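Undergrad: no sequence on this one, just coordinates:
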């Protein structure tokens, strides 16, 4: 049984959905030694999130941002927590909708993703700053 | 420590929410040997998803489809990624809302689900085709 | 490799979002012995859910409830599963949106949460009653 745990810092990104698969992979090169296992990718924030989706077209990621802004509108009359800015409370809700973590299967030393799956960092604040991610991978080493 | 990892193919289903608990269980019969553990069920696609919900009434599953179509409408003016059909971009968003994976506790050789919990395959495309699912279970064998 | 699995019962709470981090932590005191690992927190119900979000301001939790009631309205004409009350079907959908489980990294004997992250019990029914949660923690003991 092998355990790998590493904290990485993702550089500040503009509000929107960003492909970060390679950054996550590069943070845990020891993954290559695992024949079978799981990787858990966890963001330590409440106004940004992680999801898996289409890794090819930038317009898919733009459409995620458009949909999210419609579904969780900044201008809604029901927000009471407004002292941190109009983007703050919607960011909290979006963060819980998409979720703070991903768990990925590991097979033959790699994330066993589908052809079109990539890891999105979902930045829900206008100025979210850098984001801390804890990657925990564990499994059985190749024999 | 026991590891079981298996890829299964779920047959094509119509757009909507489908109960697949038994298919997932049958894919990993070795589960019966685990006294304690976890099972991770992962779909390798970006336009279908997995969720847990009520395992009894078919009208609950129909209502999930109705709600999803209201919340992520095909006809919205903000979609820019439309070249793969009007059901494509909504399918991507729905897939991320419900999520690509489930992690379930294993106790005494079985998924430790609540009485009413069943695994849904959420097919968000009109013609999604067959869907690949990777089940990874691990834990301690009964003694 | 250490495995800890425990079922706890959360007392009945009113409909809304409730901070339960300490109750979850106290259920697995053996966590303190794990140098590295993961904790899986799983709710065995289909009308309540778990999420991570801001652990300080009660108005954030109130705004989650307001948003959820807008996004999944009780009065929608498309609900067909209405025999268990007008709060039932919306509760099922909300439960799948926020999700039935959280997976948290463990580092140095503690949940490796961000400063502002807390565990919410999301009670989606008017009278949900008590809620069963299975906590499964596993990892390597400190040496």
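TA: Ah, there it is. Worth saying up front: this structure is predicted, and the values here are computed from it rather than measured. Numbers count the residues shown, from 1 in each chain, chains lettered A, B, ... in the order given.

Undergrad: and the residue of chain A found nearest chain B, how far from chain C?
TA: Of all residues in chain A, residue A:114 sits closest to chain B, at 3.1 Å by C-beta to the nearest C-beta. Yep, even glycine has a C-beta here, placed from its N, CA and C like the rest. For residue A:114, the distance to chain C equals 20 Å [C-beta to the nearest C-beta, to the nearest Å].

Undergrad: which pLDDT value belongs to residue A:142?
TA: The confidence metric pLDDT takes the value 73 at residue A:142.

Undergrad: that one touches residue A:33, doesn't it?
TA: Yes: with contacts counted by C-beta atoms under 8 Å, residue A:142 reaches residue A:33, the gap being 6.2 Å.

Undergrad: before we move on, back to that, wouldn't the residue of chain A closest to chain B be in contact with residue B:133 here?
TA: No: Residue A:114 is not in contact with residue B:133 according to C-beta under 8 Å; the separation is 10.2 Å.

Undergrad: show me which of those two is the more surrounded one.
TA: residue B:133 (24 against 17; other C-beta atoms under 10 Å in any protein chain shown).

Undergrad: write down the beta-bridge partners of the more buried one, one by one.
TA: Per DSSP bridges, the residues bridged to residue B:133 are residue B:8, residue B:43.

Undergrad: so which elements touch the longest helix anywhere in chain A?
TA: For chain A, the helix that runs over the most residues, judged by DSSP state H, is helix A:58-71. Applying 3 or more C-beta pairs under 8 Å, 6 or more residues apart in numbering or on different chains; DSSP states H and E, one finds that helix A:58-71 contacts strand A:16-19, strand A:48-54, helix A:88-98, strand A:117-123, helix B:88-98.

Undergrad: pLDDT weak spots in chain A?
TA: For chain A, residues meeting the criterion pLDDT under 70 lie at A:143.

Undergrad: quick check, the residue in chain A closest to chain C?
TA: For chain A, C-beta to the nearest C-beta, closest residue to chain C: residue A:44, 3.1 Å.

Undergrad: residues touching that residue, list them.
TA: By C-beta atoms under 8 Å, 6 or more residues apart in numbering or on different chains, residue A:44 lies in contact with A:131, A:132, A:133, A:134, C:112, C:113, C:114, C:115, C:117.

Undergrad: bridging residues for the most centrally placed residue in chain A?
TA: In chain A, the centroid-proximal residue (C-alpha atoms, centre = their mean) is residue A:50; its distance is 2.1 Å. For residue A:50, the beta-bridge partners are residue A:121 (DSSP bridges).
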